[in-house]
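In: heads up, no residue letters with this:
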């Protein structure tokens, strides 16, 4: 019971202090000034919140634009990679054909050299030698044409790549 009386006394003292504090706040001019300050701070806070919202919207728009640009560039890189793979395959195929043609020309040149050697010794047929020489010339012509085609293929494949870069 004594505890209740002690608590009651403490509550009464606290209420008296609150009343004393409230009577000091009784100045209406000071309250009006405080209320005006509070209203200004609330308005400033609302303005800042609006500005933050606008900035956040702008930032989200910029992020979306950058993501879109990154996606487009990734697609371009993918296309360029596919073009490069196709170019490498074309070059590999063309290189294999050229190697085969060069091997055939080397064999033909060797046969022609043997035929010429036999002709100088008088044991070869001149018609056969003539046909072999014509075949060698045709082979060399075909080799030059293949090399020209290779250069043209490389240039045609590089032009679009260079135009994309430029």
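Out: Good, I have the coordinates. The structure displayed is predicted, hence computed values, not measured ones.
In: which residue ranges form the helices in this protein?
Out: Assigned by DSSP state H, the helices in the chain fall at 2-24, 28-121, 126-165.
In: could I get those helices as JSON lines with mean neighbour count and mean pLDDT?
Out: All C-beta atoms are positioned from the backbone trio N, CA, C, and that covers glycine. Formatted as JSON lines, the helices of the chain follow (neighbours: other Cβ atoms under 10 Å; pLDDT from 0 to 100):
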{"stretch": "helix 2-24", "mean neighbour count": "9", "mean pLDDT": "77"}
{"stretch": "helix 28-121", "mean neighbour count": "11", "mean pLDDT": "83"}
{"stretch": "helix 126-165", "mean neighbour count": "12", "mean pLDDT": "79"}
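In: And the contacts of stretch 92-103?
Out: Outside of stretch 92-103, the residues within contact range by Cβ atoms under 8 Å, 6 or more residues apart in numbering are 139, 142-143, 146-147, 149-150, 153.
In: wait, which of the residues you listed is closest to residue 5?
Out: residue 153 (107.4 Å; Cβ to Cβ).
In: was I right about the closest one contacting residue 86?
Out: No - using Cβ atoms under 8 Å, residue 153 is not in contact with residue 86; the gap is 11.1 Å.
In: ok, of the contacts of stretch 92-103, which one's closest to residue 74?
Out: Taking the contacts of stretch 92-103 together and measuring to residue 74 by Cβ to Cβ, the closest member is residue 153, at 27.8 Å.
In: separation between the closest one and residue 92?
Out: Going from residue 153 to residue 92 by Cβ to Cβ, to the nearest Å gives 12 Å.
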